[in-house]
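1. Sequence isn't available, so here's the structure alone:
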């Protein structure tokens, strides 16, 4: 009987599919029993804490990452220089002066200019979209524009995508109409008097006006006051500013491929965070997912055919200079980048995989994902697979990622409540299992993904 | 055919039960179609805002209440003096200094003393209960005690009751063991980096040490740091203080009874609030419920047999001096108080009624509630029926109240997120319907409730 069992096992190991299934089971077992991903994200978020680009916390995080990569068994661990422009939050205050006196809960959006020292006082005009703003025309002149659109809750990025363009372009479009400042209802799904920060942009051809986020409650109250027909007077004061450029770094380490070390699978996450919370779900979880993937592959002795390169990017949140620096530093070897994955969607359980490409890409990802179809059953097409991968995707590198359940993610994203308690260790372990199986399979498979098309927004 | 219908209607109106059913249907219909309770709570919370006892907001709220009672058609509207001791929040900061640097989200508990100007710095000891603290003995000496008990979510007050004694007695018990300060995990069910304030007490025979609440996230992080076995050093700084006594007021108005005006049914709520939010659910909703009850009864021309007296109490949150002043001012007529109800459980939908008493009390409440059993089906025994009613209950006045769904209430209670958006206008209307039917029935019924026993905690 034993002989028969051994024969069956030997016969199974003989096919690539059986070997892939066995490897997937080992990675999944190790991710869930004895996995260290939760300890890793706790170490980064609880001990280093916030790591806003250019801050002392970000510098400590770089050293943390170097040590974490060495502890995970990676080789060629190094810091690759990235020049960054720090943005200092300073203080924010906003209050309704009339028809009632209401102290609001405001935070500056990342990159915003300051108000004058005495603040900006003006009447509020409320809109739900950039189109509605444009229709206001001259009525926005001299006003503070409030973007007040309720973000839909969804399992993926689509609810966020429906609102976040207002955060990105809101100051530019309001300034074009002569507004003196802009506010946005926090881009998020919670309602616990919790402001959500996030990056905004300017256009050098348009006046730069200050732009802050207020809470859902504040936005609702202003809406009710405006509904009475009375003008709402509001005072905003921000002291944020940019500081001179400083040197920072992406942190990079490798599992060197056993047959084709020059061919590379990048697995990445971003090391920087916003400064209000401790960056546990954004993107400590992603850092833990890729570090744990590396640790599992090395500790199980699974050196794959190609090189797996772990990249922890600096400055995803405030301008993507780390992503651009990586693509520039490695431009000579991008043709040998066979795939790139980023983990930047929190710690919710895996739903499936998304790849930027056509039917051929989907078919190969489905084949590689087959051993974990019970953990991550869907395979589909994504336009992008992570902001840090955009420069790679622009160069044709095949990009893909795990879709995760983000139903609660935007309750906490970019807020003071982005903390370790939001992470379910088992869900995180399930993501690690699916991610590590895909990363290993991409580095092991004889087949290669076709190039990804450029993302549609570029 | 018409004749037959009229006859049936006339026959039904002839019995007291049919009349009660018809009245209940009129009150319920008016509460839900054309009801003003949501507008009333919005007016108080959005326009007056926070109304901490002794603050300018509380003074404005008293004038608001006088006008609201007159608008509701009440007679004998007056301010009844209440002496109050203002407590000024000042500033609060708390940070973990080691083994990591963590800025916490702290608020002083109401009534707390300040720290020295430079703050208090000490090692943290964590307990889950007052019993666990006592077992620590000398190990608490020189320490900062952290009460870190997760509050259970429940439909009523029981989850709160399981934790809130630590907020009430935490400073006293910690000081007895030589602790230098105390912190408590916010007494609430949310986790959005949102601190919950609330009153604490001192004992003149025990040293008064500063006592603050931190957020669930902060408490979890300290718990994780302590779990590593390293000492956790923490610095707390509070600048709160008491100010000299000032004159404030309960606001009182009446629907004078048509047959027995000297017999009184009190319906009350508290006008003061905590200062972090706008006091919408605690207790703007209660103010709206009782004012709307009065408005419905007067506007429908339903002058009941006895007097319905609306009382909006000052200083429920910081010492119950309004409740005591009411009982003192009216001690000569307490024997004619046939019942007292308080609305101070938010705006969640009604579940039923609770009365402090025995089977005879339950039977009468069940009879009076019969016309709204489809809205509020359960009738049971409660130990209390509202903090402001305790002095009346101590004097034997029959007290009762509506049980409401509080599943979400403690997510927001005593926080900056206690705002109007937390109120569902339909749920609030359903509470008004059940409350107004019971208030009217108590004032109309020939029967009287037996005296309530004193609450068990006194």
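-> In hand now; what should we look at? If you're wondering where the values come from, they're calculated on a predicted model, not measured in any experiment.

2. Can you name the residue of chain A nearest to chain B?
-> Proximity of chain A to chain B (Cβ to the nearest Cβ) peaks at residue A:192, 3.3 Å away. Placement of C-beta: from N, CA and C, glycine included.

3. Spell out the secondary structure type for that residue.
-> Under DSSP: H, G, I helix; E, B strand; the rest coil, residue A:192 falls in the coil class.

4. So what's the residue count around it?
-> Around residue A:192 there are 23 other residues, counting by other Cβ atoms under 10 Å in any protein chain shown.

5. Tell me, how many residues neighbour the closest residue to residue A:323 other than its chain neighbours?
-> Excluding the flanking residues, the one nearest residue A:323 by Cβ to Cβ, 6 or more residues apart in numbering or on different chains is residue A:388, at 4.1 Å. Counted with other Cβ under 10 Å, residues neighbouring residue A:388 total 29.

6. Just the buried positions in the strand or helix carrying residue A:24, please.
-> Taking DSSP states H and E as the definition, one finds residue A:24 inside helix A:16-32. By 16 or more other Cβ atoms under 10 Å in any protein chain shown, the buried positions in helix A:16-32 come out as A:20, A:21, A:23, A:24, A:26, A:27, A:28, A:30, A:31, A:32.

7. to the chain's geometric centre, what's the distance from it?
-> 28 Å (Cα atoms, centre = their mean, to the nearest Å).

8. now do stretch A:304-322
-> 12 Å.

9. That one - what's its average pLDDT?
-> Averaging pLDDT along stretch A:304-322 gives 97.

10. Which stretches in the stretch 301-450 of chain A count as helices?
-> Remark: helices assigned in the stretch 301-450 of chain A by DSSP state H, counting those that start in this stretch are A:321-329, A:359-369, A:390-394, A:409-412, A:425-444.

11. least trustworthy helix or strand in chain A by mean pLDDT?
-> Ranking every helix and strand in chain A by mean pLDDT, DSSP states H and E puts helix A:2-14 at the bottom, with a mean of 51.

12. Near chain B, which residues of the stretch 251-400 of chain A? Just list them.
-> Residues of the stretch 251-400 of chain A found near chain B, taking Cβ under 8 Å from any Cβ of the partner chain as the criterion, are A:277, A:278.

13. So what touches stretch A:357-371?
-> Contact with stretch A:357-371 is made by A:17, A:20-21, A:23-25, A:352-353, A:355, A:376, A:379-381, A:398, A:400, A:434, A:437-438, A:441-442, A:445, A:447, A:449-453, as judged by Cβ atoms under 8 Å, 6 or more residues apart in numbering or on different chains.

14. Give me the phi and psi for residue A:192.
-> Residue A:192 adopts backbone torsions of phi -130, psi 40, taken as degrees, to the nearest 10.

15. Report the contact partners of residue A:97.
-> For residue A:97, the contacting residues are A:121, A:233, A:234, A:235, by Cβ under 8 Å, 6+ apart.

16. In JSON lines: those, plus distance to chain B.
-> Output for those, formatted as JSON lines (distance: Cβ to the nearest Cβ, whole Å):
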{"residue": "A:121", "distance to chain B": "19"}
{"residue": "A:233", "distance to chain B": "14"}
{"residue": "A:234", "distance to chain B": "15"}
{"residue": "A:235", "distance to chain B": "16"}
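
17. Next one: the residue nearest to residue A:342 when sequence neighbours are not counted, what pLDDT does it get?
-> Distance criterion Cβ to Cβ, 6+ apart; nearest residue to residue A:342, sequence neighbours excluded, is residue A:386 at 2.8 Å. In this model, residue A:386 is scored at 96, pLDDT.

18. now residue A:386: how far from residue A:56?
-> For residue A:386, the distance to residue A:56 equals 26 Å [Cβ to Cβ, to the nearest Å].

19. So the two - more neighbours on which side?
-> Taking other Cβ under 10 Å, residue A:386 and residue A:56 do not tie; residue A:386 has more neighbours (26 against 11).

20. which residues touch the more buried one?
-> A:268, A:341, A:342, A:343, A:344, A:399, A:401.

21. neighbours around the last one, how many?
-> In terms of burial, residue A:401 registers 22 neighbours under the definition other Cβ under 10 Å.

22. give me the beta-bridge partners of it?
-> Note on residue A:401: beta-bridge partners by DSSP bridges are residue A:354.

23. May I have the residues that are in contact with it?
-> So, once contact is read as Cβ under 8 Å, 6+ apart, residue A:401 ends up touching A:341, A:342, A:343, A:345, A:353, A:354, A:382, A:385, A:386.

24. of all those, which two lie farthest apart?
-> Using Cβ to Cβ, the contacts of residue A:401 reach their maximum pairwise distance at A:343 and A:382, which is 13.8 Å.

25. what about these two, which has more around it?
-> Legend: neighbour count by other Cβ under 10 Å for residue A:343 and residue A:382, higher for residue A:343 (28 against 19).

26. Would you agree the more buried one is in contact with residue A:282?
-> No - look at residue A:343 against residue A:282 with Cβ atoms under 8 Å: they stay out of range, at 10.9 Å.

27. So which residue is dead centre in chain A?
-> Among the residues of chain A, the one closest to the centroid is residue A:344, at 3.8 Å (Cα atoms, centre = their mean).

28. Please list all residues in contact with it.
-> With Cβ under 8 Å, 6+ apart, residue A:344 has these contacts: A:269, A:270, A:282, A:283, A:286, A:316, A:386, A:387, A:388.

29. and of those residues, the nearest to residue B:188?
-> Nearest member of the contacts of residue A:344 to residue B:188, counting by Cβ to Cβ, is residue A:282, at 24.4 Å.

30. Just the pLDDT for the residue nearest to the centre of chain A.
-> Reported pLDDT for residue A:344: 98.

31. Next one: it from residue A:365, what distance?
-> Residue A:344 is 18 Å from residue A:365, by Cβ to Cβ.

32. That's all I had, so thanks and see you.
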